[in-house]
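Colleague: Provided below are the primary sequence and the corresponding predicted coordinates.
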Amino acid sequence: MWDRDELLKRAQEMGIECFMWGRTGPGVWRPMEEALGLPFSQELREFAETVGNLDVPPCTIEVTGNRVPQGDFHCAQETFRMRREFPGLPVDAIVIMVDQDWIVCATAGSTVVREYEIWRVAPGKHINEWPSLAAYVDWLLEQMRMGRLEFDQAHPWTPEELDGGGGTGPH
């Protein structure tokens with residue numbers, strides 16, 4: 001289902017940037033699942049094994065994380081951190097993305113992905129829901145494509161101007 005090359009090609013066809021990074025491979029999800037004591041869906045396991053993490057700037061779906069000087073950092077640590085900050089986070093939530101305004105969670109043992117407004121986190125209080133991680137990724141890519149189209153139409157600068165190449169666009 002998940003393939004880094006396929007995701008990258010799809011994003012490029014949509015005119016958006018995406019980056020995949022982090023640990024991948026068979027069973028890479030096990031330490032996170034064990035730390036959380038929550039079962040990952042088969043879909044989340046496959047995402048971890050074949051994609052790891054997905055950046056669609058400015059959004060990052062972080063499942064397997066990466067090694068940092070203090071040890072491993074991945075969705076289990078982020079879930080524990082969010083539970084401390086927001087005790088209303090549902091007990092079956094696995095945090096896969098955090099922004100200043102919202103938290104996106106996979107649901108343990110289910111394919112459902114839910115988005116919570118960060119200051120109103122509570123069971124049943126999600127603001128968006130997708131039937132699967134694949135549906136969420138599709139939605140995210142489409143949102144970035146639409147945002148890019150809106151930006152391009154509102155600001156018809158050349159790529160050189162956008163990159164600070166001496167034009168009149170933003171630098």
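Modeller: Perfect, I can see it now.
Colleague: how near is the residue most central in space within the chain to Asn53?
Modeller: The residue lying closest to the centre of the chain (Cα atoms, centre = their mean) is Ile61, at 1.8 Å. Per Cβ to Cβ, to the nearest Å, Ile61 is found 6 Å from Asn53. In short, each C-beta sits where N, CA and C put it, glycine included.
Colleague: do Ile127 as well
Modeller: Noted for Ile127: a distance of 23 Å to Asn53, by Cβ to Cβ.
Colleague: of the two, who's got more company?
Modeller: Asn53 (23 against 11; other Cβ atoms under 10 Å).
Colleague: Grab the nearest non-local neighbour of that one.
Modeller: Spatial nearest neighbour of Asn53, excluding adjacent residues (Cβ to Cβ, 6 or more residues apart in numbering): Gly22 at 4.1 Å.
Colleague: Could you pull out the buried residues of stretch 131-141?
Modeller: Ser132, Leu133, Ala134, Tyr136, Val137, Leu140, Leu141 (16 or more other Cβ atoms under 10 Å).
Colleague: And stretch 18-28, by the same measure?
Modeller: In terms of neighbour count (16+ other Cβ under 10 Å), stretch 18-28 has its buried residues at Cys18, Met20, Trp21, Gly22, Arg23, Thr24, Val28.
Colleague: Just the endpoints, please. Distance across that stretch?
Modeller: 22 Å (Cα to Cα, to the nearest Å).
Colleague: who touches that stretch?
Modeller: Residues outside stretch 18-28 that contact it (Cβ atoms under 8 Å, 6 or more residues apart in numbering): 4, 7-8, 11, 48-56, 62-67, 141.
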